[in-house]
Structures are given as structure tokens and as C-alpha cells.
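In: sequence and computational prediction follow.
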Amino acid sequence: MFPSPSGAGLHVGHPLGYIASDIYSRYKRLKGFNVLHPMGYDAFGLPAEQYAIQTGQHPDVTTKKNIARYREQLDKIGFCYDWDREIRTCEPDYYKWTQWAFIQMFNHYFNTKLQKAQPIELLINSFETSGTEGIQASCTEELQFTAPEWKSKSEKEQQETLLNYRIAYLADLKVNWCTALGTVLANDEVSDGLSVRGGYPVEQRVMRQWSLRVSAYAQRLLDGLNTLEWTDSLTETQKNWIGRSEGAELRFDIKDQDYNFEVFTTRADTIFGVTFMVLAPESELVKQLTIPDQALEVENYLDATKKRTERERIADRRVTGVFSGSYAINPVSGTEIPVWISDYVLAGYGTGAIMAVPAHDSRDYAFAKYFNLPIIPLIEGCDVSEESFDAKEGIMMNSGFLNGWTVKEAIQKAKDYIAEKQLGRLKVNFRLRDAIFSRQRYWGEPFPVYYKDEMPYMLDESRLPLELPVIDKFLPTEKGEPPLGRAKDWHTEDNFPLELCTMPGFAGSSAYYLRYMDPQNKTALVSAEANQYWRNVDLYIGGTEHATGHLIYSRFWNKFLYDLGLVCEDEPFKKLINQGMIQGRSNFVYRIKDSNTFVSLNLKDQYDTTQIHVDVNIVSNDVLDIERFKNWNPEYKNAEFILEDGKYHCGWAVEKMSKSMYNVVNPDDIVEKYGADTLRLYEMFLGPLEQSKPWDTNGIDGVHRFLKRLWSLFYKNNTLLVNNEKPSAEELKVLHKTIRKITFDIENFSYNTSVSAFMICVNELYTLKCTKKSILEPLVILLAPFAPHVAEELYRVLGNNETVCDAAFPICNEEYLKESIVKYPISFNGKVRFMIDLPADMSKEEVEKIAMANDQTEKFLEGKAPKKIIVVLGKIVNIVL
RNA sequence: GCCCGGAUGGUGGAAUGGUAGACACGAAGGACUUAAAAUCCUUUGGCUUCACGGCUGUGCGGGUUCAAGUCCCGCUUCGGGUACCA
């Protein structure tokens, strides 16, 4: 577990996953495993810094305060964390290793043939002997130079060239710039053109920024998903985010110019239907292909596009574009096709240029309709008069040598043709982008980087950690530099300036699980011994919000360390469970307009009312505590009420849990009122772990009663009832049935049904008036992972001097569960009519015979002869009429 | 638009293709109590019947099966992810 400690503290939704993993940890320990169950804090990041800007307090101070508050709240719930392993990303001892990993990434490149990271020296050697000839390296831009050319480059030029290949690299990139936050953001930190944190507008800007070459690992990140025990929806989300698509890169010549450019397409089969080409406005080709006559119009278009933010472009789907004046030549059919410029083509994907096939692509279709460009249908029988036909099915027509083939066959034929005639090359494209790694902020890891002649160099590892400097204000400098620009002496001993940006939030959270294995290690992130012992995370419980961020970065980071031989597992998280979100359940009161009179829920329709949120903590089972309501807000001091049966019933709705909805429930309050065990059990009892559900404190009495009833098996009027009598067969059956159910449920993370099983067990033992130690002791051990406090107490009461945590988990003995009698439901045409008790070992034939001979059978046969009789041994009898 | 995941009483939910609604909340009635709280007991999907019982019922429409909440096909609807990815 690795939460970001916020100032608001924990609400009742946060501990859900923690409780689930605590139960599993305690269970595994009882089963004899050495369990690593740690807790730490993802403590760097924007919220702490925003708060610091507002209050002037150092983020380190508020972060420490928040962590202390979290710890206090966590301790109340009774987690079995190994606090000796606690880590915090903002501690120099920890972020030393974040900086260290960055240095390694700078010093490596990705070999595409071996599909792994290799030292950059190997690449330099290649350059020295044969230039770029035959190198297979992931890069920002395809470069070509010879060995002599390389050698003739200056130091600065060589360094600049190497950045093109390094896994951690500095480059001029189009980045997501958020003015309000004053920083760039990674793709997963932007949604709908707004920052995920804060919801501020984000615009595209070209800036020189640090990036991690995550895209190099795209194929491995995709392949690795097959080896993981993750949910289908999560692997699906990652697959989409990685976005692998197979296609071809096709070369188009320009008419009357000695120039050509490439486009990427997955539909090579539609080459005969290309009626225009489109360039992204940001594409470098625009300058090249715009003819003088069109220059003014193109310029105007580019200006207009630049002014629109990403968000405006998304919100407004108007078709826009401008003709460049140039014509491309279709490499297969030889036709001349106009080249347009439009912002529906993205510069960042493929080559930033497309071949448009309006008949079979809805975006191209919209564009063609708007600008009156020709639409050529290529599939027999398709109707493109109203919309494009995007499906990859049907028989080809209007397509020369592809005519008569199915689309799937035609795609392959066209690709073969392209490869054979060398019109382009087959290519796999990924949607996954490199991760922008610079943040123009203070509260993050400083880069271990200094600049010499404007080129970045890494600090020597012996200089790590490079600690965050003290600054006077957490704002950009007057010159617009990041906050670190305010630091005094922010340079090396040789006076080279240090990097002013800091690392993003995901830097520190990408390898934290490795540090848990060996948290005090001074010489390595994790020792080989510790890593080989613990390997990777067996069970990871977290929310789906990490699907495209943290869970991609961590996997990338881990794979990189794996390539370097520093960790022994290729994937960091073996099994992953997404706990559902706990939503808020809000309550409402209804005020009659222009009055201070409130009317109960079912009478509100008789009046003209306004719905007002009311604090859920002064409502119980949707009934308002009127006295507390009056004191809740001075405005309601003299409020009057129209009641139903003497009560004020509130309305309710499921909403986000937030302060403004007055529906936040604090775990501390629940613990105060009912105890930690009740909170733990109730959180689990609410429903399946993976499912989202509203928090509704109604119902918590049920689990609390269960605990009291359990207690009553041990004590009556403070007198201990437990004895050493021999258990009856029935009592043993109740116990072992429960052992079997609980074991199965824990292994399957079905904790809500475990709680029911405990209730059933205690109810049955209560009915049997069972006070026998031989039954109650295993039950207490069984319950210990769920309700550790009461279990510990009762375990001691039973005469044990050791902690219940060191007990052995009970094992189900099937012998006690064998039934001698089976209740057979007798059904007619699938409808159950009556039951008969029969010996469990009775044969099919005998069961059938007795069922048919039964008095009641005759009645339900209605004089007919049965067509068929189905006997499922131990289950059911069905008589078909 | 595309991709996932849901839909079961008044509520949260349970059910390896085999008695739908376990368990719990709430509600109603009762016991104990001067009273309340706590505790205990009974009832509680709907319709129908004095009753025994009967009919009906897992979002909707089809299908497979001796048997479907569960499997298949087609919809409706709610949540989540993603969004000009060529």
C-alpha cells in the first residue's frame, strides 16, 4: 500500500483495500507464510505544493503532519503493517534511488532487436566503427550518419545526438502545458484537455523536457499482460492505452516536386479509394508542401488552430481545413490527389500525415462531405450516400488487382504488394507515448543533472542524494524559471548549473515495492538476496485510476531494472485486484420555499420545496435527528418541521463522497462508536470487493450485533462459560462447514460472504448453546484476520499466552461434513413440488423408484405417464411429463 | 462512437446449470422492563386464499436444456475507461 497523504485525512472509502489486504496477510501468516505487508507514503506531489503556495508553509511540514494524521487513523483500524519497512518518497534516503534509476536510464538505450536496454557505450562503439549503419535502437528521430561523420562531431553535437537514443532523454517535444499549475503534465495526467488534478485547462506547447522512452517497451508491456493475473477490464484498458496497430507505411511522391512523404495506414486495401491526403497542422511537411498561392490561407489556418486549446478542439467537432496547393501521386494507381491540412490529423501519431479514404473512414467522410471531395466506394454493395462504411468486411471493387477479394485478404495482398514493389514498408505503430518527466515545480525529486555547454550530464553516483534546496517561495522566479531557480548555490562545485525542474509524482511511486524488500539498504535500491527472496508483489490491491499511469510506469521501470539484471522478475505485480470505489450516500431535507419549515420526504410533493444536503452524520436510517439539525447551522436554529409518524424522513442519493455533499464519513468516528473490528467487518460486508458501492452506515448494527453475540458464547453476566466438554457431531459440523467456507472465501477474496458465514456459524452455535473450547478456539483463530482485536482478547481468555497471530489456521475435516440423509427436492417439469429425505448413499435407480412410489407423486402426475425421469445424485429429481 | 462491467425484495447483497432471495439492514408484531435502551422470539418478494395451497417473479424479447438469475442471440438502461490513434 502506498497512499498519497492528503490534508483531509482518510475517509471511510480509503481503508477498504487496506482491510482486504490486511485480512489476506493475516490469513497467510496463520497459514505459516512469512508475509511482507508494508505501508509507505507517496509523499511528493502537486497537492502538498499547492497547499504550501497558499499558506506559505513548507510542503515538508504539511506532508509530515498529514502522514502523522494518516498513521494515527491507520493505527486505529488495527493493520498488521511492518512499520520497520515504512518508506516515504520525499525522504533523501529513498529518493536517492529514484535519482539513481534516472541516471541508469540516461546511460542506457533500448536495443530493438534484443528488446532490452543496453549500455549507451555499446551504441557509441557502433557509431565509432560504422555510424548508424545496422544499429537497432529506439529513438526519437531516425538519424543517418557515418563513422567519420560521428567522429567529426563536436562533444556538444555528439551529446545532442545521443539524447536521441537514451532511455531518459532531453528533447524538444510537444508537451501538455498547464498554465494554472505552472507545469507540464504526462498524458495520463490529462483528461479531456483538463488536468486530472484540479481540472485546469491544458494546452500543447513545444518545450525542451526530460522524457522516459516508455514507448520502446510497448511490445513487452503488451506481451507481459498475458502472464499476469489481472482482471480482464484492466488488461484491456492497458492494451488500449498501449494501442498496438499493424499496418504499412506508404510513400507518396509529390507532383512536380522532388519530394515525398510517408503515411501510416492499417487499411492498405483501400489504397484505390484515396481521394485526398491530410497533414497535421503541426507537421513539418506543411511548410514544404504549401505552394505560394496558398501560403496566406494556410498561415491563417495554422494561426487559428494554434489559438484553440486541446479542449476546444475536442468540444467543437466542426470540420476545418485548408488546401496546401500540392498534389500527391497515388503510388499504386498513379492518380493525382490533393494534399490538405486539417487538425483532425494528429502530429504525434504515425507520420503526422494520412491518406484519406472517405468511403471507409468516418472522419475522412465528414471532411470529404464538407469540402466536396470525391468519395469512391470500394466494397460491393456498400451504401456511402449517408455515411462511410467502416467495417472490415465485404468484397473489394474499384480496386484494380484487389477486386474480388475479401477485405481481410485484400489487406494482406496490398501489404505484400507494397513490400514487393518497395513502395513503403510494413510497420507496427503504438499509441503509447513517451512519458514527460520534467515538472516545473518544487516538491519533487531534483534531477541529478548539471549542464555544461547546454548539454546535460549526470552527477556522479557518489553525489547522491542530491537534496532539495531551501528556497524562499514556492513560486516561479521573475524570469519564469521553475521554483528551484530561487535556490542559492544551485550548481556543482565546478559551477555548472543544476537542472531546475523536478521529477513528477510517478517517479517515486514506480519502484517503491522493491524498496519495501530492503528499506534500509545504503548501497543499493534492493539487495539481490532480498529481491530473490521476495521476488515480486504477490497481491496488489488498488483502484482502477492507476490503470494507465502508475501501473504502466511501474511495469516499465521494473522491466528496465530487469534488463540491467538488478531485479529477478520481469513483472512487478503478479496478481492485482481493483477494489471498487466507495461512493457517498447523501441525505436531503426539503425546505418549503421562502420559509424555515422543513417537510418530511413523503409529504414534500404537497409543497413547493427546495432540496438541501444535510450532514449524513446527524441522520440515522434516513431519519433526521432534529435537535442536532437545529444546532448544525445557526440558520436552522428556529426551523420548524412537518413530520410523518412523528419522524422526519430524509431523501437520499448516491454521489461522490465529498465535503460539499456533507456525506463524508470518517473511520475514526465509526471506530469510536463501534470499535475497529466492527468497521473492518462492515467494510467487507458491504459487498464484493471489486464492486463500487455507496457507503451507508445503516446496517452497521448488524455486524456489531454479531460480535456481541459471539461474545455471549463466552460470557454471561461477566462469567466465563467456556468448558472442555467434548463437542457433538452437530457442533463439529457447524465449525468445519465454516472453516471450509472461510478458507475458500479468503482464497477467492470473497470477504462479504465470509462475514455472512461467520454470522451463520455464530447463530447456529448460539442455538446449540455451544460453549465448548474445542469449537470456540478454532472459530476465534478463523475470525482473527477479520476482527483481530476481539479475536486476540478471546484467544487469551481461552488460556493462551501467545498472540493469536502465531496460531495455526484451522483445517477443515471433511469427515465431519458427511451427510447421511439428503433432502431430495422432487420436481415436475422443473417445478419443485415436495421434498423427501433419502439416505445419501442411495443409488440412482433406488432414488427414482422411491420418488415414483411416493403418494404425492401420483397427485402431480395427474394420471400421465412420465416421459423421462432425471435423478442427479445428492441434488434433485426431475420428472418430465 | 468504440471497449469493458453491471441490472435480483423497501435497502446492501447471496446463489459449482439443480429448492431464487442466504446473511444483514429496515419494517411489523410480541416477550422482558415502571419506562427506555439493550437483549430475545415471530413474520416479512408480489398477487391470491379463512386456511391447506395456488399463481407469479432475477431489466426487456427470443433461443439452448429434463432444468436458466446463471449459457447463446438481439435490445433497453446504468456505471467505468477511452476518444479524432488513420
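Out: Great, that's in hand.

In: what's the spacing between the closest residue to A:Thr266 other than its chain neighbours and A:Leu768?
Out: In space, and not counting its chain neighbours, A:Thr266 is closest to A:Gly247: 3.8 Å by CB to CB, 6 or more residues apart in numbering. From N, CA and C alone the C-beta is placed, and that goes for glycine too. A:Gly247 sits 70 Å away from A:Leu768, going by CB to CB, to the nearest Å.

In: the two: which is more packed in?
Out: Using other CB atoms under 10 Å, the more surrounded residue of A:Gly247 and A:Leu768 is A:Gly247, with 19 against 16.

In: and that one, helix, strand or coil?
Out: Following DSSP: H, G, I helix; E, B strand; the rest coil, A:Gly247 is assigned to strand.

In: isn't it right up against A:Thr265?
Out: Yes - with contact taken as CB atoms under 8 Å, A:Gly247 and A:Thr265 are classed as touching, separated by 5.3 Å.

In: now A:Lys604, nearest residue through space, not along the chain?
Out: Once flanking residues are discounted, A:Lys604 sits nearest to A:Tyr590: 4.2 Å by CB to CB, 6+ apart.

In: in the sheet, who's paired with the one you found?
Out: Beta-bridge partners for A:Tyr590, by DSSP bridges, are A:Val599, A:Gln611.

In: count of neighbours near it?
Out: Using other CB under 10 Å, A:Tyr590 has 24 other residues around it.

In: test my guess that it contacts A:Asp608.
Out: No - the criterion here is CB under 8 Å, and A:Tyr590 misses it with A:Asp608 at 9.9 Å.

In: related to what we said a few turns ago, so the residue nearest to A:Thr266 versus A:Leu426, what's the distance?
Out: The gap separating A:Gly247 from A:Leu426 is 8 Å, by CB to CB.

In: which stretches of the stretch 501-650 of chain A form strands?
Out: Assigned by DSSP state E, counting those that start in this stretch, the strands in the stretch 501-650 of chain A fall at A:537-542, A:573-578, A:582-592, A:597-599, A:609-614, A:619-620, A:623-624, A:640-642.

In: how about A:Thr62, what does it touch?
Out: A:Gly7, A:Ala48, A:Tyr51, A:Ala52, A:Thr55 (CB atoms under 8 Å, 6 or more residues apart in numbering).

In: and the second one, what element?
Out: A:Ala48 is part of helix A:46-55 when elements are defined by DSSP states H and E.

In: can you point out the buried residues in the helix or strand just after that helix?
Out: Once the chain leaves helix A:46-55, the next helix or strand it forms, by DSSP H and E, is helix A:59-77. By 16 or more other CB atoms under 10 Å, the buried positions in helix A:59-77 come out as A:59, A:62-64, A:66-67, A:69-71, A:73-74, A:76-77.

In: does any bit of the one helix or strand A:Lys413 maps to sit next to RNA strand B?
Out: A:Lys413 belongs to helix A:407-420 when assigned by DSSP H and E. No - on the criterion CB under 7 Å from any atom of the strand, helix A:407-420 is out of touch with RNA strand B, staying 10.4 Å away.

In: who touches that helix?
Out: Here helix A:407-420 makes contact (CB under 8 Å, 6+ apart) with A:248, A:250, A:266-269, A:271, A:332, A:379, A:392-394, A:396, A:399, A:401-402, A:405, A:423-426.

In: list the buried ones in whichever helix or strand comes after it?
Out: Downstream of helix A:407-420, the next assigned helix or strand under DSSP H and E is strand A:424-430. Applying a neighbour-count criterion of 16+ other CB under 10 Å, one finds A:Gly424, A:Lys427, A:Asn429, A:Phe430 buried in strand A:424-430.

In: just the closest of those to A:Gln219, please.
Out: Distance ranking of the buried residues of strand A:424-430 against A:Gln219, using CB to CB, places A:Phe430 first at 7.8 Å.

In: quick one, domains of chain A?
Out: As given by automatic domain parsing, the domain ranges for chain A are A:244-430, A:582-664, A:677-816, A:819-880.

In: can you measure across the longest one, start residue to end residue?
Out: The first and last residues of domain A:244-430 sit 5 Å apart, counting by CA to CA, to the nearest Å.

In: quick one, phi psi at the residue in the stretch 351-500 of chain A positioned nearest to RNA strand B?
Out: When distances are taken as CB to the nearest atom of the strand, the stretch 351-500 of chain A reaches nearest to RNA strand B at A:Arg431, 3.6 Å away. In terms of degrees, to the nearest 10, the main-chain angles of A:Arg431 are phi -80, psi -30.

In: ok, the one 10 residues further on next?
Out: Its backbone dihedrals place A:Arg441 at phi -130, psi 170, with angles given as degrees, to the nearest 10.

In: how about the nearest residue to it once chain neighbours are set aside, what does it touch?
Out: Of all residues not flanking A:Arg441 in the chain, A:Thr183 sits nearest, at 5.2 Å (CB to CB, 6+ apart). A:Thr183 makes contacts with A:Leu46, A:Trp177, A:Arg439, A:Gln440, A:Arg441, as judged by CB under 8 Å, 6+ apart.

In: pLDDT value on the fourth one, please?
Out: Reading off the confidence values, A:Gln440 has pLDDT 92.

In: skipping its backbone neighbours, what lies nearest it in space?
Out: Nearest to A:Gln440 is A:Pro482, by CB to CB, 6+ apart, at 4.0 Å.

In: number of nearby residues for the one you found?
Out: For A:Pro482, the neighbour count with other CB under 10 Å is 20.

In: in the helix holding A:Ala48, what counts as buried?
Out: Applying a neighbour-count criterion of 16+ other CB under 10 Å, one finds A:Leu46, A:Pro47, A:Ala48, A:Glu49, A:Gln50, A:Tyr51, A:Ala52, A:Ile53 buried in helix A:46-55.

In: A:Pro667 and RNA strand B, how far apart?
Out: Counting by CB to the nearest atom of the strand, to the nearest Å, the separation of A:Pro667 from RNA strand B is 17 Å.

In: number of nearby residues for that residue?
Out: By the criterion of other CB under 10 Å, A:Pro667 has 22 neighbours.

In: how about A:Pro5?
Out: Per other CB under 10 Å, the neighbour tally for A:Pro5 reads 24.

In: equivalent analysis for A:Glu445, please.
Out: 26.

In: what does A:Leu250 give?
Out: A:Leu250 has 25 neighbours, counted by other CB under 10 Å.

In: ok now stretch A:8-18, how far from the chain's centre?
Out: Relative to the centre of its chain, stretch A:8-18 is centred 17 Å away, using CA atoms, centre = their mean, to the nearest Å.

In: need the residues of the stretch 551-700 of chain A near RNA strand B, please.
Out: Residues of the stretch 551-700 of chain A lying near RNA strand B (CB under 7 Å from any atom of the strand): A:Asn621, A:Phe685, A:Leu686, A:Gly687, A:Pro688, A:Gln691, A:Ser692, A:Lys693, A:Pro694, A:Asp696, A:Asn698, A:Gly699.
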